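[1] Below is the sequence, then the predicted model.
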Number of protein chains: 2
Amino acid sequence: MSVLNSDAEALLRERLQTHELRVTPNRLSVFRALLQSARPLSVPELATHLSDDGLSVPTLYRIVEVFSAIGVTHPVLVDHQSVGYELREPFRSHHDHLVCTGCGRVVDLYNCDLTEAMAQLGRDNQCRVNFHQVELHGLCADCAAASQVGTARG
Amino acid sequence: MSVLNSDAEALLRERLQTHELRVTPNRLSVFRALLQSARPLSVPELATHLSDDGLSVPTLYRIVEVFSAIGVTHPVLVDHQSVGYELREPFRSHHDHLVCTGCGRVVDLYNCDLTEAMAQLGRDNQCRVNFHQVELHGLCADCAAASQVGTARG
DNA sequence: CCGCACATGAAAATAAATTGCATGTGCAGT
DNA sequence: ACTGCACATGCAATTTATTTTCATGTGCGG
């Protein structure tokens, strides 16, 4: 991860305060849930995870909205169907996603060296790019390997 | 566009038949609506557009599901919130999206030269990539230009 | 420690997505 | 062209997701 867990909350506090938003137990709960999760979480999923803490569903929607507005999270398409939220940099190191057409898994790809390519794409279109999100579709390492079995040459 | 409109439907027929699915008026209606739309359409939007044709909402869900399963469409995140569907190659030339943080518009980027970078990313992870979808976040050409006004040097 | 503005919960309303089942229809086989 | 079957569809109902309203609670500046 990009920042120590112990520092992450301090960074969140700072980020919230910059935007004149309050540091509340609910916001910290959602933040911790996202920090601990290996994958993006939808609001209904967050509701399940945080049912003990008694967070109401409307509050969850409001929190992920706030988090996304101030760049703490960003929404991603999960299962090709529902919207999940995951932490952005610097809370979580940047990565892209491979949606495996074989097993349906979403694999995080970390060794992504697309920043310059993205910047160029932006320049070509007179845009100012500050964030990119790539979704690849194909076969994950496991499924790609499995598909080799019984195949003479690809 | 990648294929002539007149050929597009023939290609759709072929694609459906390959998968042993039927060519129906409803499927053609949805296909035409997507072909004519400049942007991804959600199911509720499709329902509005096609209310005259009398397509029921459940049918629309089933059709976009089928279309996505056979690679005719793919889902994209619209407005950071809802899922829309747009035609894939060869029905529509490949492009990526810039979500403008200034005005909220989604701009299509066509001069995308990321295929090789994507392929490399796939190789690095032992994956077999056959499609990529990039979502950039930043300022579109208009908003970027506007932000220059009153700025001494960037 | 006070007070105000923001944050939250509860309940309700709205919208979106799914399911079951009976009917309709594309299309393969004749 | 005709027939039959399996797939496609509509309808109604259900479930799930999301938004809104408003009264209450609470972080945090002064």
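    Received the coordinates, thanks.

[2] Please make it C-alpha for all contacts and neighbour counts, starting now.
    OK.

[3] which SSE is the nearest residue to residue A:106 once chain neighbours are set aside in?
    Nearest non-adjacent residue to residue A:106, counting by Cα to Cα, 6 or more residues apart in numbering or on different chains: residue A:99, 4.6 Å away. If you go by DSSP states H and E, residue A:99 is part of strand A:96-100.

[4] Any idea how many residues pack against the residue nearest to residue A:106?
    Residue A:99 sits with 24 neighbouring residues when counted by other Cα atoms under 10 Å in any protein chain shown.

[5] same question, residue A:116
    Residues near residue A:116, counting by other Cα under 10 Å, number 9.

[6] any idea whether it is helix, strand or coil?
    helix (DSSP: H, G, I helix; E, B strand; the rest coil).

[7] Residue A:108 and residue B:128, how far apart?
    14 Å (Cα to Cα, to the nearest Å).

[8] With neighbour numbers in mind, choose between these two.
    Comparing residue A:108 with residue B:128 by other Cα under 10 Å, the one with more neighbours is residue B:128, at 23 against 16.

[9] Taking strand B:96-100 as reference, get the angle to the helix or strand bottoming out on mean pLDDT in chain A.
    Ranked by mean pLDDT, DSSP states H and E, the weakest helix or strand in chain A is helix A:115-124, scoring a mean of 77. Computed with axes from the mean of the first three to the mean of the last three Cα atoms, to 10 degrees, the direction of helix A:115-124 lies at 70 degrees from that of strand B:96-100.

[10] Just give the strands next to the helix or strand that helix A:115-124 is followed by in its sheet, each with its orientation.
    Going down the chain from helix A:115-124, the next helix or strand is strand A:128-139, by DSSP H and E. The strands beside strand A:128-139 in its sheet (DSSP bridges) come out as strand A:96-100 (parallel), strand B:128-139 (antiparallel).

[11] Next, the buried residues of strand A:128-139.
    Neighbour-count burial for strand A:128-139 flags A:128, A:129, A:131, A:132, A:133, A:134, A:135, A:136, A:137, A:138, A:139 (criterion: 16 or more other Cα atoms under 10 Å in any protein chain shown).

[12] ditto for stretch A:73-84
    In stretch A:73-84, counting by 16+ other Cα under 10 Å, buried: A:73, A:74, A:75, A:76, A:77, A:78, A:80, A:82, A:83, A:84.

[13] Is that stretch positioned near DNA strand D?
    Yes: Stretch A:73-84 reaches DNA strand D (Cα under 7 Å from any atom of the strand) through A:82, A:83.

[14] Toward the C-terminus from the helix or strand residue A:74 falls within, list the very next helix or strand.
    Using DSSP H and E, residue A:74 falls within strand A:73-78. With elements assigned by DSSP H and E, the helix or strand that comes after strand A:73-78 is strand A:82-87.

[15] Counting neighbours, what do you get for residue A:56?
    Using other Cα under 10 Å, residue A:56 has 12 neighbouring residues.

[16] Alright, I will stop here.
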